[in-house]
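Asks: quick one, what's the 3D model for this:
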Amino acid sequence: MSLRFSVLASGSTGNAFYIESGNEKILVDAGLSGKKIENLLGQVDIDPHDLSRILVTHEHSDHIKGLGIMARRYKLPIYANQKTWTAMENQIGKIPIDQKFHFDMETTRTFGEIDVESFAVSHDAADPMFYTFHHEGKKVALVTDLGYVSERIKKTVEDADAYIFESNHDVSMLRMGRYPWNVKRRILGDSGHVSNEDCALALTDILTDRSKRVYLAHLSLDNNMKDLARMSVTNILKERGFEVGSRIELHDTDPQEATPIYEV
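Replies: Prediction:
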């Protein structure tokens, strides 16, 4: 068995990620309507009845919009840390006590065939955390919604087979765009989102010979474009000696369309 995953949706309008190994089928975040999440799962031939559980990264609506609906409809256990539970409980409706579980920060839990490691990120939420997924020497890292990539995070996520990595905005587009200054300052700050350039610079520190694929994630609809993000990241990686397109592949993500299932 191997790790297989799909970025179901990624962006400010909603986020959801699917990963499986064997009979363990995990949904990370449910930031779209229940109907839309079902549709996205259907795009990659996953029956939502087969899901094992839902992991939550943080309480922002683009990560939990459909969480309560999916959990109640399919009797799925939800895992989040204590501060995230406190922050999101009023947003997701009533969840039966036997479906509520804690996943502490900076810990590893084993679900079926998958070891899941949680790690803290700097973002303006109660206690945001993301995950790396491990199975028989394979590693997939999910890294979005963070203002900067610390050395501690780099150490945690380095040497993965595949990355889903935030490339939220082009700094020039953001600065020149229509957002009010307080929003721009939030996005550019240490608790905001990672730019195309900072994404690329972080990748140069963590990619290794085993790293084969990077999905550029959580792109802003207003302050970025797929082609621009891919070009910006590609140029910096190539300047640093990485063979983009041959040894390392860059892939887009989309707020409305799931990526094909990829196996590592």
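
Asks: all strands for the stretch 151-264 of the chain, in order.
Replies: 162-166, 213-217, 249-252, 262-263 (DSSP state E, counting those that start in this stretch).

Asks: go through those and pick out the most buried.
Replies: Most buried of those, by mean neighbour count (mean count of other Cβ atoms under 10 Å): strand 162-166, with a mean of 27. C-beta: built from backbone N, CA, C; applies to glycine.

Asks: just so I have it, where are all the helices in the stretch 1-150 of the chain?
Replies: Assigned by DSSP state H, counting those that start in this stretch, the helices in the stretch 1-150 of the chain fall at 34-43, 61-64, 67-74, 82-92.

Asks: distance to residue 133 and mean pLDDT added to the strands of the stretch 151-264 of the chain, as JSON lines?
Replies: Below are these laid out as JSON lines (distance: least, Cβ to Cβ, whole Å; pLDDT from 0 to 100):
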{"stretch": "strand 162-166", "distance to residue 133": "10", "mean pLDDT": "98"}
{"stretch": "strand 213-217", "distance to residue 133": "14", "mean pLDDT": "98"}
{"stretch": "strand 249-252", "distance to residue 133": "17", "mean pLDDT": "98"}
{"stretch": "strand 262-263", "distance to residue 133": "13", "mean pLDDT": "98"}
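
Asks: and these: which comes nearest residue 141?
Replies: strand 162-166 (5.1 Å; Cβ to Cβ).

Asks: can you give the distance from that closest one to the centre of its chain?
Replies: Its chain's average C-alpha position is 7 Å from that of strand 162-166, according to Cα atoms, centre = their mean, to the nearest Å.

Asks: that one pairs with which strands?
Replies: Applying DSSP bridges, strand 162-166 is found paired with strand 138-143 (parallel), strand 213-217 (parallel).

Asks: and the first one, average pLDDT?
Replies: This means strand 138-143. For strand 138-143, mean pLDDT rounds to 98.

Asks: mind checking which of the helices of the stretch 1-150 of the chain is nearest residue 240?
Replies: In terms of Cβ to Cβ, the element of these nearest to residue 240 is helix 61-64, at 31.4 Å.

Asks: can you add distance to residue 123, mean neighbour count and mean pLDDT and give the helices of the stretch 1-150 of the chain back as a markdown table?
Replies: Listed next are the helices of the stretch 1-150 of the chain as a markdown table, based on distance: least, Cβ to Cβ, whole Å; neighbours: other Cβ atoms under 10 Å; pLDDT from 0 to 100:
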| stretch | distance to residue 123 | mean neighbour count | mean pLDDT |
| --- | --- | --- | --- |
| helix 34-43 | 22 | 18 | 98 |
| helix 61-64 | 10 | 21 | 98 |
| helix 67-74 | 18 | 20 | 98 |
| helix 82-92 | 11 | 17 | 97 |
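
Asks: distance of residue 118 relative to residue 139?
Replies: Distance, residue 118 to residue 139, by Cβ to Cβ, to the nearest Å: 14 Å.

Asks: repeat that for residue 106.
Replies: 17 Å.

Asks: ok, these two, which is more surrounded?
Replies: Neighbour count, other Cβ atoms under 10 Å: between residue 106 and residue 139, residue 139 has more, with 21 against 12.

Asks: and that one, bridged to which residues?
Replies: Taking DSSP bridges as the rule, residue 139 bridges to residue 134.
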